[in-house]
Every structure is written in C-alpha cells, then in structure tokens.
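Visitor: Structure, please.
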Amino acid sequence: MAVFWVFVFFFGWETHIDVSKVPPKVMQSAQQALLGVTIDSASMEQENGVLFYELRAVYKGKHYEIEISEHGEVVEIELQDGVHHAITKPVEIKDIPDSIVDQLQHLAPGFQPGEVELKRLKGESLFEIEGTLGKRELEFEFTEAGVLISLHVRKAHE
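Guide: Prediction:
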C-alpha cells in the first residue's frame, strides 16, 4: 500500500479552477474543436511534466468533457452520455493487457475497476482505467506495456 501512496504523491492531484483562469490558447482550442461550446467549469492537472486542462462544457445541448494540453492540443473529447468520440473508445475489463492487470494488483490491491477506455495519442495506445479503492475514486493511465503514466485520486462521492 505504501507504493500506491508514493505514486499518488508523485503524480499529484486534480485542481479545480475558475474558468476565467483558463489560458486563452486552451479556450481557443476548445472553441475550434466544438464551435459555439459553452464552458461551465474547469480543472487542471499535471501529467509527466505537462499541464492539462479538463473543461466541462455544453455543446448543442449535450454535456462534454474536453481535455486540452497547456500547448492547446485537444487530447480528448468525451460526450457525457457514455458515447466516446474520435480519440477514445470503451474497452471491456477482460481485454486489459496482463501487464496492466499485474501493475494494478501491485499498486492498488483491492482496486475495483469500473470504466476502461483505450486512448490513441500520437500513435500510442494508452489505457485509462477508472474505479474505486475503499472510499477513493482512482483513475490510472497506462501504456499498453503496463507503464504507469498517470494516477489521479479523488474522494468517492457519498
């Protein structure tokens, strides 16, 4: 369990910010990705030395999450009704590579996976796995080879 908390410290926490604090380059990228989008709220997080902004938005009456790097690169657009667009696709838990399952068991014994997505970013396959461990919600991101890229921890909704 100590290894798990070291990774939590190393990879950091998501921070909610006021929409007015989102850099213009990031807002422009969101507007270009979904013309006419309205941004409701924002958060930022750091992964591998790169700052990312997650924007919760409304576009044509539907709710989206848009993830954009500090450089303005749109990484992910996710429709919040469970349908994923372009960059991501849902994956069955049974289809997670063994290398990732081994890492999950080592880093977070007792972790209960929920949603799994396969992301393709710059030709690389990344697995994003969300689930719970006790009273915490965890989100892991691994390479296909089982290398941990990021880990986000939030208190579970009660």
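Visitor: which sections of the protein are below the confidence cut-off?
Guide: 1-13, 48, 79, 81-90, 121-123, 154-158 (pLDDT under 70).
Visitor: Just give the number of residues close to Glu92.
Guide: 7 (other CB atoms under 10 Å). (C-beta placed from N, C-alpha, C; glycine too.)
Visitor: Could you do Phe140 as well?
Guide: 24.
Visitor: how about Glu65, secondary structure?
Guide: strand (DSSP: H, G, I helix; E, B strand; the rest coil).
Visitor: The nearest residue to it once chain neighbours are set aside: how many residues sit nearby?
Guide: Ranked by CB to CB, 6 or more residues apart in numbering and with sequence neighbours excluded, the top spatial neighbour of Glu65 is Glu78, at 4.7 Å. Other residues near Glu78 come to 19 when the count uses other CB under 10 Å.
Visitor: next one: Tyr64
Guide: Count around Tyr64 with other CB under 10 Å applied: 23.
Visitor: Tell me what it is bridged to.
Guide: Under the criterion DSSP bridges, Tyr64 forms beta bridges with Ala57, Leu79.
Visitor: Could you list which residues are in contact with it?
Guide: Leu34, Val37, Arg56, Ala57, Val58, Ile77, Glu78, Leu79, Gln80 (CB atoms under 8 Å, 6 or more residues apart in numbering).
Visitor: If we use 10 Å, what do you get?
Guide: With contact set as CB atoms under 10 Å, 6 or more residues apart in numbering, Tyr64 has these partners: 30, 33-34, 37, 39-40, 55-58, 76-81, 85.
Visitor: Can you give me the separation between the closest residue to Pro23 other than its chain neighbours and Gln28?
Guide: Nearest non-adjacent residue to Pro23, counting by CB to CB, 6+ apart: Glu70, 7.1 Å away. Going from Glu70 to Gln28 by CB to CB, to the nearest Å gives 13 Å.
Visitor: burial of Tyr59, as a residue count?
Guide: 18.
Visitor: Let me see the contact set for it.
Guide: If you count contacts by CB under 10 Å, 6+ apart, then Tyr59 has Ala30, Ala33, Leu34, Leu35, Gly36, Val37, Thr38, Ile39, Ile66, Ile77, Leu79 around it.
Visitor: any idea which helix or strand comes after the helix or strand containing Val26?
Guide: Take DSSP states H and E as the rule and Val26 turns out to sit in helix 24-33. For helix 24-33, the following helix or strand on the C-terminal side (DSSP H and E) is strand 38-47.
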